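S.K.: give the three-dimensional model of this entry:
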Amino acid sequence: MSKNEIFTIVKKALWGVFLTVFAFIAVIAVWLTVSKLILKSPVPSVLGYASLTVETGSMGGTIEIGDMIIIKEQKEYKVGDIVTYLHDGDTIPTTHRIIGYNDDGSFVTRGDSNNTKDPEPVSEDIIIGKVIKILPNAGIFVTWLQTDGWLYIVACLAILGLGFFVLSSDSEEDSSDKPEKPLSKNDEEKSDGAIESEASDGTSVSD
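M.R.: Next up, the predicted model:
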């Protein structure tokens, strides 16, 4: 396999990865935008999953400020679950642990670093989801993306795309400029024989 063939295979593979990543990011971005701005969802989600950045220390020791949490909708919730919920009238969701039940079936919640339980009961219908994953400090990066970071990501993707295009163009130019392989002695004899045959078959002789 020649170097040009290897380069072509690698280029196509990298280009496929680039397009896949770009398409995935674009689809997620469009869906989250629609969910937040059009559907007015307080916590945009994809297939029941959502991510949030923790901004307070009420769950200190378990979840720290700047951590990112991944939450997912559940069919039921139980004592010990860390859940994210949003009371009517609130704009910022709360993430606390379920520590018990009230007589009406609602939940009693409390932050792990708080000394007292939350004053308001939490009914199941206001729970957005259960925390299934904690990513330390990842929320800092997400916050950066939500400000100016996305501009750098788009710029990097554009530079990568341009780089692949330039490399592809250079490869095609190299292939077109490659000198033709000289004819072997046998090929020359065959070529001369073909020319003589054409001349004898197609030329008329006059006296």
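
S.K.: so which strand or helix has residue 140?
M.R.: Using DSSP states H and E, residue 140 maps to helix 138-144.

S.K.: where does pLDDT dip in the chain?
M.R.: Residues of the chain that meet the criterion pLDDT under 70 lie in 25-42, 142-207.

S.K.: quick one, strands of it?
M.R.: Counting by DSSP state E, one finds strands in the chain at the ranges 49-53, 68-72, 82-85, 94-101, 107-110, 127-135.

S.K.: and these: which comes nearest residue 3?
M.R.: strand 127-135 (42.1 Å; CB to CB). C-beta coordinates here come from the backbone N, C-alpha and C atoms, glycine included.

S.K.: ok so, going back, would you mind finding the most buried of the strands of the chain?
M.R.: Mean neighbour count (mean count of other CB atoms under 10 Å) peaks for strand 82-85 among the strands of the chain, with a mean of 22.

S.K.: give me the sheet partners of that one and which way each runs.
M.R.: strand 94-101 (antiparallel), strand 127-135 (antiparallel) (DSSP bridges).

S.K.: which one of those strands lies nearest to residue 5?
M.R.: Among the strands paired with strand 82-85, the nearest to residue 5 by CB to CB is strand 127-135 (41.8 Å).

S.K.: ok, residues contacting that closest one?
M.R.: Residues from elsewhere that reach strand 127-135 (CB atoms under 8 Å, 6 or more residues apart in numbering): 42-43, 45, 48-50, 62-63, 67-74, 77, 81-86, 93, 95, 107.

S.K.: also stretch 92-108?
M.R.: Contacts for stretch 92-108 (CB under 8 Å, 6+ apart): 42-43, 52, 54-55, 58-59, 62-63, 69, 71, 77-87, 109-112, 117-118, 121-124, 127-128, 131.
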